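Novice: Have a look at this prediction, sequence included:
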Amino acid sequence: MKKNYNYTRRKLYLPEYGRHIQEMIDSLLEIEDRRERNRQARAVIAVMGNLNPLLRDTADFTHKLWDHLFIMSDFQLDVDSPYPRPTRQELMVSPHHMPYTQSRINYKHYGKYVERMIGRLAAEPNPRVVASTVDNLARYMRAKSYEYNQEHPNNEVIVKDIKRMSGGAIEIDEVALNNLRSDYKQHFSARSPKNGSSNRAGHSTGRSAKNRNQQQHRGYMKNNGQHRNSQK
């Protein structure tokens, strides 16, 4: 018995329709009578539509079925289609080339957009816009520098970086930069273990002694009423 595996068969053009639909379309190519070939092609289109009944109400569903019919016939089927026949060149158009920026990022911890914004600000004629925008950029640069280096940044470095990225057109005052609120999280310094341990020990000792005193004079309910602890 000769075994017929799928890997020995030819590759399907549209595998979602299955091999039986492919064989039906292949049989259409062998029909010589054009009228009979058109009738059988419409029957195959109906079978292809039954495979996805939920998509019948969508727009251009029948148009897609006819396009798939020609694709699965390798564009060799000659039938009367109610829609324009697709061509191999239309469906296999190579995508347009997308230009990607290959520019080098000089300050990776700030990002390329910071460098672009500073370059745009260098050509801004309004000094108020430049001053307000540079303050926000300096705050953002300080936060990104802390995030990248995991240490508190030096404001003098940020001032020099802004001046260097703007080509010397923008100068920011370091004193004003020091007054800006930092957006990165400050790490709280840990308490000294000696003072902290002694305070916690004192609080815990006083609390336990207070609880013992309250336990001795606490009333409780038993059987017929409330009684108090009596010391003999």
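Specialist: Right, received. Where do you want to start? Keep in mind that this is a model prediction, so the values were computed, not measured.
Novice: give me the element the residue nearest to Glu171 when sequence neighbours are not counted is part of.
Specialist: Excluding the flanking residues, the one nearest Glu171 by CB to CB, 6 or more residues apart in numbering is Lys163, at 5.8 Å. From N, CA and C alone the C-beta is placed, and that goes for glycine too. Assignment of secondary structure by DSSP states H and E places Lys163 within helix 155-165.
Novice: circling back to that earlier point, mind checking how far the residue nearest to Glu171 is from Gly119?
Specialist: Going from Lys163 to Gly119 by CB to CB, to the nearest Å gives 13 Å.
Novice: Check Leu91 too.
Specialist: 44 Å.
Novice: okay, these two: which has more neighbours?
Specialist: Between Leu91 and Gly119, counting by other CB atoms under 10 Å, Gly119 is the more crowded of the two (14 against 11).
Novice: in the chain, which ranges drop under the pLDDT threshold?
Specialist: 1, 101, 173-232 (pLDDT under 70).
Novice: Can you show me the strands along it?
Specialist: Using DSSP state E, the strands of the chain run over 220-222, 225-227.
Novice: Just give the nearest non-adjacent residue to His109, would you?
Specialist: Tyr148 (3.7 Å).
Novice: And Ala123, by the same measure?
Specialist: Spatial nearest neighbour of Ala123, excluding adjacent residues (CB to CB, 6+ apart): Ala169 at 8.0 Å.
Novice: residues near the one you found, how many?
Specialist: 15.
Novice: Pull up the gap between it and Ile158, please.
Specialist: According to CB to CB, Ala169 and Ile158 sit 16 Å apart.
Novice: likewise Ser73?
Specialist: Note on Ser73: its distance to Ile158, by CB to CB, is 67 Å.
Novice: list the contacts for the residue nearest the centre of the chain?
Specialist: Among the residues of the chain, the one closest to the centroid is Gly111, at 18.7 Å (CA atoms, centre = their mean). Neighbouring residues of Gly111 by CB atoms under 8 Å, 6 or more residues apart in numbering: 105, 144.
Novice: quick one: it and Met117, what's the gap?
Specialist: From Gly111 over to Met117 (counting by CB to CB), the distance is 10 Å.
Novice: And Arg142, by the same measure?
Specialist: Counting by CB to CB, the gap from Arg142 to Met117 is 15 Å.
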